[in-house]
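Asks: generate a structure from the sequence data that follows.
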Amino acid sequence: MEQGRGRQGFKHAQKYPFNEDKNARHKASAKKFLSVQARQSRIKNRIRFCRHQTMETKIYINGKILPEGKAVVSVFDRGLNYGDGLFETIKTYNGKPAFLNDHLRRLKSGAAFIGIRPSLLKQFERDIKLKIIEKLLRENGLEKGSAYIKIIITRGVDKGGHAPVKGIKPTVIIFVKPLSAKKILLIQKKGVKAVLVKGVLPAMPELKTMNYLPSVLAKMEAVKRGVFEGIFVNKRGFITEGSSTNIFIFSKGVLKTPPSRETALPGVTRKIIIELAIKAGLKVRQCNITERYLFECGEAFLTNSISDVLPLIKVGSKTLGTGKPGAITRLMQEAYAREVAKRLDALFGGIKHQTSVA
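Replies: The predicted model follows:
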């Protein structure tokens, strides 16, 4: 009898090695469940994206929501003729814009700097308070998942020359489009590569203006090299920013980023990361960063409002750190995800959001 039981036990052990039959089955079931969930999520995202591509997008323009075919601007608009305007890009989570107030503050500050009076933006501000962005997302079927918002303000229509004529009204445009949360999470986990771009620099890096040609050229160079981002190097040999990102390096126990204003755009995500890093007890320094400092750093990451925090693992032919996302980068990703969740919950309550790379 004992031998029989032993043989049965041996067969049982062969079927479920290490006597972990229940754990193995539970893990297999959980893996299968998560796999089914992932497939369903991918299918939903694909349907959502295809539906948005085939339907006529609704656009907010000067106080009205119109089909894209009717949402037109004059050929004399100064944004088209001179790049005379500003913009903001914002990420949404299930129909709710993240850090909206921070973006609006920067937009209004930029508008004041270039001479667009606050009184000329009263309708836009009123519509924002009436949740025009949430309405626009619903009308475009983007109230679920992640979406991209772009707000554009130009000085307006003007048939004159370089100097704007008096009395013109700004053109205000908001459009939305779907984002692939899966693709963003993938690059957040694996990290991205970049190339240094020299000889081209944003004219006014302290403002998010429509004069975006340097960034377009930097991104074109990145695409040509098969990498994610182009990082500007100024005439003094200092790293400034990416075509659409701010850059951080961690070296000798200090988190460093190029100074904003004259060197780099004061990014909303950049600002939040600096605050979170200080709160986490890290030393943070805004200082000039040379190519040598970049290549010798322990780790680096990029930030922007759409991709959040991206590990930077290689620049040109140089591997940064271990060539994998570092511990500080992961710390900042997790802290940023929690901050997004906290702020959305504080403003809207009960919002589900996929913000973590874990």
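Asks: please enumerate the helices of the stretch 251-358 of the chain.
Replies: Secondary structure of the stretch 251-358 of the chain (DSSP state H, counting those that start in this stretch): helices located at 268-279, 291-296, 327-347.
Asks: do you know which of those lies nearest Ile133?
Replies: Ile133 sits nearest to helix 327-347 of all the helices of the stretch 251-358 of the chain, at 12.5 Å, using Cβ to Cβ. Quick note: C-beta positions are derived from backbone N, CA and C, even for glycine.
Asks: now mean neighbour count too, for the helices of the stretch 251-358 of the chain, in a markdown table please.
Replies: Output for the helices of the stretch 251-358 of the chain, formatted as a markdown table (neighbours: other Cβ atoms under 10 Å):
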| stretch | mean neighbour count |
| --- | --- |
| helix 268-279 | 19 |
| helix 291-296 | 16 |
| helix 327-347 | 18 |
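Asks: dump these into TSV; add distance to Arg225 as well.
Replies: Putting the helices of the stretch 251-358 of the chain into TSV (distance: least, Cβ to Cβ, whole Å) gives the following:
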stretch	distance to Arg225
helix 268-279	24
helix 291-296	16
helix 327-347	22
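Asks: Lys64: which of these is closest?
Replies: helix 327-347 (26.0 Å).
Asks: tell me what the nearest residue to Ser244 once chain neighbours are set aside is bridged to.
Replies: Leaving aside its sequence neighbours, Ser244 sits nearest to Asn304 (Cβ to Cβ, 6 or more residues apart in numbering; 5.6 Å). Asn304 has the following beta-bridge partners by DSSP bridges: Asp308.
Asks: flag the shaky bits of the protein, pLDDT-wise.
Replies: 1-54, 350-358 (pLDDT under 70).
Asks: hang on, the earlier thing: these two touch, right, the residue nearest to Ser244 and Ala264?
Replies: No. With contact defined as Cβ atoms under 8 Å, Asn304 does not count as touching Ala264 (11.8 Å).
Asks: quick one, which of those two is more surrounded?
Replies: Ala264 (25 against 22; other Cβ atoms under 10 Å).
Asks: can you pull the contacts of the more buried one?
Replies: 205, 240-241, 246-247, 257-258, 270 (Cβ atoms under 8 Å, 6 or more residues apart in numbering).
Asks: for Ala84, give its distance to Ser244.
Replies: Not quite, residue 84 is Asp, not Ala. 21 Å (Cβ to Cβ, to the nearest Å).
Asks: what does Val227 give?
Replies: 13 Å.
Asks: list the contacts of the residue lying closest to Ile274 once chain neighbours are set aside.
Replies: Leaving aside its sequence neighbours, Ile274 sits nearest to Val284 (Cβ to Cβ, 6+ apart; 5.5 Å). By Cβ under 8 Å, 6+ apart, the contact list for Val284 reads 254-257, 274, 277-278.
Asks: same thing but at 6 Å, please
Replies: 255, 274, 277-278 (Cβ atoms under 6 Å, 6 or more residues apart in numbering).
Asks: same question for Pro258.
Replies: Listed by Cβ under 6 Å, 6+ apart, the contact set of Pro258 reads 240, 264, 289.
Asks: show me where the stretch 151-300 of the chain has strands.
Replies: For the stretch 151-300 of the chain, the strands defined by DSSP state E, counting those that start in this stretch occupy 171-178, 192-198, 229-233, 238-242, 246-251, 254-257, 283-286, 289-290, 299-304.
Asks: mean neighbour count, these: which tops it?
Replies: Mean neighbours per residue, mean count of other Cβ atoms under 10 Å, is largest over the strands of the stretch 151-300 of the chain for strand 299-304, with a mean of 26.
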